[in-house]
Structures are given as C-alpha cells and as structure tokens.
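**Q** Sequence first, then the predicted structure:
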Amino acid sequence: MKRLRAILIKEFLQMRRDRLTLAMMLLVPVAQLMLFGYAINTDVKHLPTIVFDQSLQQDSRDLLNSLTASGYFDIHYTARNFQEINEAVDSGKAKVGVIIPPDFSSQLKHGRTATVQMIVDASDSLSASSAISAAQLVSQLKSQQILLQKMKGYTGHAEQSPYEIRIRPWYNRDFVSAFYMVPGITGVILTMTMVMITSMAIVRERERGTLEQLIVTPMKSWELMLGKIIPYSIVGYVQVTVAILVGIAAFDLPIRGSLVLLYALTSFFIIASLALGILISTVTKTQMQAMQLSFFIFLPSILLSGFMFPRDAMPAVFNLLGNVLPITFYLEIMRGIILKGVGISVLWHNVLALIVFIVLVLTISIMKLQKKTA
C-alpha cells in the first residue's frame, strides 16, 4: 500500500506540474459535449436561396413567401437571368435556385399546373435532401389550399394539382454518398497526419537535446521551419494521390475540374496544416502535450468544417469557429473542383483565406521560436 500511495502521489504531482496536459484532459470532454450538443444538427434549415422570378405577380410572391415561411429557405439573392443562378450555385453562395416562369400566374388562372424549377446543390447531400423535402411539402400544401378554395360548393372531381416544383439536383444527382465523403476524408487524413507529425517535430528535437545544436548553427528560424515543412509536404501529396486513385477505382469518383489546379491549391492546405503543427510544437514542451493538443484540433476539424454535417445548420458561433480551420476552405476547394468543375475564379477567396492563415500562423511560430531560443 505504501508503494501504491507513493506512485499515486507522484502521478498527481506530475499532473499538477504538467498543467497543459491536465487542461487538455478537462477541456476535450467539454468541447465534445458542446459540439455534439449545440453545433451538430442534421435538419438543415435557412438554406441560402437565389430566385429568378420572371412572373413578378402576386401568385409568385405568395409561393416565395411560403418557401420562406417554411424556415428552410432564406432568399438572399435575386437573379436577373439564368447565368446568375448558375454562378451563385457554382460558387456556393446559394444552395438553392428557384426559377419561376413568366406564365406562372396565367397557368394558375386557367386551371393548369404551374411549374417551378428548383435547382439544388446536391454536392451536400444532407442540405439537398432537406431542401427537396421542404419544397415538395410546400408544393403540396399550396396545391391543397387552392383546390379547397375552388371546391367549396363543388361536387365534381378534383382538378389537377395547381403547383409542381420540379427538382433539379446538380453535381450529384444520384446522391452517391461516396462523392461527398471522399473529398472530405482526404482533407481529414491530411489534417491528422500533417498536424500530428509536424507538431512533434520541434518537440522531439527539444527532448533529444538536438534543438540547441540547430540553434547554434547559422540557420535562421524560417529556414528551420522550411526544413521541417518540405519533407512532409511530399508525404501529403502522396496521400492526396492515393485518395484520389482509390476514389476513382472503388467509387467511380468524377473529376470534373482540373487536376493540375487541384494539386496546385492542395499545396496551400498542406502548408497551412504543417504550419499549424509547427505552432503546436512551439507552445508545447513534450510530445505527449503536442499529441493531446493535436487531438484537440482534430475534433473541431471533423465536426465544424462541413466534412460530415452541413455548416448551414450550425449556430452562428460555431459556423464562425469553423472559418478559423483551414480544412473548411480546403473542402470547398476539393468539392468545387471534383464535383462542380469550377476554377480559380470561384475558389479564389478560399485560397486567400488559406494564405492569410499560413502567414499568421508561421509568423507567430517564428516569433515564439525566436523568443524561446533568445
């Protein structure tokens, strides 16, 4: 019992001294509860919607009001032509596009079925499913209201349905889950390997006592950073290549955009992930601390980036937190090139966000490393 008590006292004292490890052990369960309790929601509402209303009559406004009142569609944009609809959905600004024909009111007045075309971004299957279900429900309810009004005092047969919303799912019309998951899994694998491997790089040098030998050399801090980043960048490219080849061979993953552009923009994400790992290595003292802090990054990266759960369904605070993670922008790049076939003209803001992240994180890392070695 005395030996057991001595071991327990030693471990508790070690935990007390290792405050970062203790903090991670306490924060990770709290973060998991908060993320799963508040951020994760599979019922996607308030989808950004663009409308091209060629009718501009009261009937079309009533239909749009019904779509908005459902809570699933937020009309943020008004289009003047079909091209603006295409651009908004391609860029991801709008998840849904509603096109009302010019003869919409005329068809209703003459007792014929008035059709409305709805374009849904099916690259996000959960958001698309919510949009399609809500649109079909609104169409049925509006049709029933009109039919009930016309049938008051009428004993004949019911007329045909006044409304018909024709759904056009884009980019993944068959809702193949692998098309949505493979790009996401690629980003998650890169994040896990790049951040974890690099986070322990400088810490390992410090524990082995070789960091001091590197410091006394004429090598500058940014040169040390590059020396740690470049080898792992090659590993990252190999992982991306393997993931794409497996996706094509096993799941018939379509590559609708430029592979050259995909590889070029992947470099920004790899560097951003490696830079994050280096920042972790500069603020931790042991490899165990670096590993724990890396895992603390993985959970938000998986849950808040849009990898599994749509970001449109998340509260504003968690949506904003997801914008801090580089994987959020890389998933937009991957799915944009692979599924939508878009180019740099659409993806430039994601690239800019990654560049800003790289500059900020590497600057902080260099400053902290210089401060430690001064």
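**A** Ah, there it is.

**Q** tell me the helices in the stretch 101-250 of the chain, going along the chain?
**A** Counting by DSSP state H, counting those that start in this stretch, one finds helices in the stretch 101-250 of the chain at the ranges 104-109, 125-150, 177-199, 201-208, 211-215, 221-251.

**Q** what angle sits between the third one and helix 221-251?
**A** In this structure, helix 177-199 runs at an angle of 160 degrees to helix 221-251, with axes from the mean of the first three to the mean of the last three Cα atoms, to 10 degrees as the basis.

**Q** So for Leu67, which of the helices of the stretch 101-250 of the chain sits nearest?
**A** Closest to Leu67 of these, according to Cβ to Cβ: helix 125-150, at 5.6 Å. (Glycine included, C-beta is placed from N, CA and C.)

**Q** mean confidence score for the closest one?
**A** When pLDDT is averaged along helix 125-150, the result is 81.

**Q** That helix - contacts with which helices or strands?
**A** strand 47-53, helix 58-69, strand 73-78, strand 114-121, strand 163-170 (3 or more Cβ pairs under 8 Å, 6 or more residues apart in numbering; DSSP states H and E).

**Q** would you list the helices of the stretch 101-250 of the chain in a markdown table and tack on distance to Thr78 and mean neighbour count?
**A** Converted to a markdown table, those look like this (distance: least, Cβ to Cβ, whole Å; neighbours: other Cβ atoms under 10 Å):
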| stretch | distance to Thr78 | mean neighbour count |
| --- | --- | --- |
| helix 104-109 | 16 | 17 |
| helix 125-150 | 18 | 17 |
| helix 177-199 | 29 | 21 |
| helix 201-208 | 51 | 18 |
| helix 211-215 | 59 | 13 |
| helix 221-251 | 37 | 15 |
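
**Q** Show me the one of those helices that comes nearest Ile338.
**A** helix 177-199 (5.5 Å).

**Q** thinking again about what came up before, can you list the helices of the stretch 101-250 of the chain in TSV and add distance to Pro310?
**A** Output for these, formatted as TSV (distance: least, Cβ to Cβ, whole Å):
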stretch	distance to Pro310
helix 104-109	30
helix 125-150	5
helix 177-199	10
helix 201-208	35
helix 211-215	43
helix 221-251	21
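
**Q** Out of the helices and strands packed on helix 125-150, flag the one nearest Ser127.
**A** Judged by Cβ to Cβ, the one of the helices and strands packed on helix 125-150 that comes nearest to Ser127 is strand 47-53, at 6.1 Å.

**Q** Output that closest one as PDB - backbone C-alpha positions only.
**A** What follows is strand 47-53, C-alpha atoms only, in PDB (Å, rounded to 0.1, in the frame of the first residue of the first chain):
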ATOM      1  CA  LEU A  47     -30.500  27.500 -46.900                       C
ATOM      2  CA  PRO A  48     -29.200  30.500 -48.900                       C
ATOM      3  CA  THR A  49     -31.500  30.800 -51.900                       C
ATOM      4  CA  ILE A  50     -31.400  32.800 -55.100                       C
ATOM      5  CA  VAL A  51     -34.600  33.500 -57.100                       C
ATOM      6  CA  PHE A  52     -35.200  34.300 -60.700                       C
ATOM      7  CA  ASP A  53     -38.900  35.400 -60.800                       C
END
